[in-house]
Structure formats: C-alpha cells, structure tokens
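Asker: need coordinates for the below:
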Amino acid sequence: MAVPFKIRRAELRDVEALVRMRIELLHVAAALGAPTNLSEEEWGEVRASCREYFVEALPAGKHCGVVAEVDGSVVACGGIVFVERPPYQGNLLGREAYLMNMYTEPNWRGRGIGGAIVTALLRRARDAGARRVLLDAEEKARRVYAKAGFHGNLEAMEILL
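Answerer: All right, here's what the predicted structure looks like:
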C-alpha cells in the first residue's frame, strides 16, 4: 500500500530538516570527490553555514525549496536556484535554474517522492521564466531525472577553487 505524502514549499520551519538532509547529501557526494573527512568542529561549521544560507535564502526566494512530508515529518527535499545569463536562442530571457539539494531519506526511496519533488520544482522553474534547468546527478538518481525529461550533457566542465 502506498504511503501518502504531501509536497509543499519549504518554509523557515523546515530549516533544521533541510540542514540535516544537506549534510547527508554532502556525505553521499563524497563519491563525487567532495571531502567528508572533516572534524566534528568543521562539520559544525558546515551545518551553521547551511542553516544561515537557508534562513536567508528561503524567504528571499534565492533558494526555492520543496519538501515532502509524511505524517507531518519531512522525509525528502529539493530546491532550485536561478541564474541569469545573456539571452540566447531558445531562451530570450537568459533565465536558467539549477536543480539541487535533492535528498530522500533512505527508508522513503522508491516510492515516487523524488519524482514528485522534481515535478514540483520544474513547475516552479517554468513559472519563474526559466527555459533551461541543469543539475548534477548521482548515478543511482539518474533514472528519476531521465523520467522527468532530463538528458545527459557532455558540454559541462568544472574547476573547484
């Protein structure tokens, strides 16, 4: 039997859940080369910085977050941030979105929650005038994004500074 979940916009009352899931996500990101061998003090600094970010960015609309609730508890989250680029063909506003901070607690995975969050975030991006949405995906999550219409992009490169 499917467990009902509710998708809603993230609010300030969700900051601690967003921070907790962000830290879990950062541990998962170790496979992508991000260091996780931090001291407890360093992890405390990361938590404090994440908390400060969400407290400021959520009300300002800089981070458009979405959460999934089951019985009043947040079990998953995701967000988008917007980027303004010079206009180009197919995107005359130059507005793009970066989908990020997608995390579902392990015992809630495989129930359609991640896909529902992606759908809600794509709707928000479209409503805000974004014509392109980008993301970085862990291999195990690519199926969720492909189902929503995402495809691979071999153009991207990065440098960590």
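Asker: can we go C-alpha only for contacts and neighbour counts from here?
Answerer: Noted.
Asker: which regions of the protein lie under the pLDDT threshold?
Answerer: Counting by pLDDT under 70, the chain contains low-confidence ranges at 1-2, 30-35, 154, 156-161.
Asker: hey, which helix is longest across it?
Answerer: Scanning the chain for the longest helix, with DSSP state H as the assignment, gives helix 40-60.
Asker: so which bits of the helix or strand that comes right after that one are buried?
Answerer: On the C-terminal side of helix 40-60, the closest following helix or strand by DSSP states H and E is strand 64-70. Under the neighbour-count criterion of 16 or more other CA atoms under 10 Å, strand 64-70 has Cys64, Gly65, Val66, Val67, Ala68, Glu69 buried.
Asker: output the longest strand that the chain contains in CSV with nothing but the alpha carbons.
Answerer: The strand of greatest length in the chain, counted in residues with DSSP state E as the criterion, is given as strand 73-84. Written as CSV, here are the backbone C-alpha positions of strand 73-84 (Å, rounded to 0.1, in the frame of the first residue of the first chain):
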residue,chain,number,x,y,z
SER,A,73,7.6,14.8,9.2
VAL,A,74,9.9,16.0,6.4
VAL,A,75,11.3,12.9,4.6
ALA,A,76,12.7,14.5,1.4
CYS,A,77,13.7,17.8,-0.1
GLY,A,78,14.9,19.5,-3.2
GLY,A,79,15.5,23.0,-4.4
ILE,A,80,16.3,25.3,-7.3
VAL,A,81,18.3,28.4,-7.6
PHE,A,82,18.1,30.8,-10.6
VAL,A,83,20.9,32.0,-12.8
GLU,A,84,20.7,35.0,-15.2
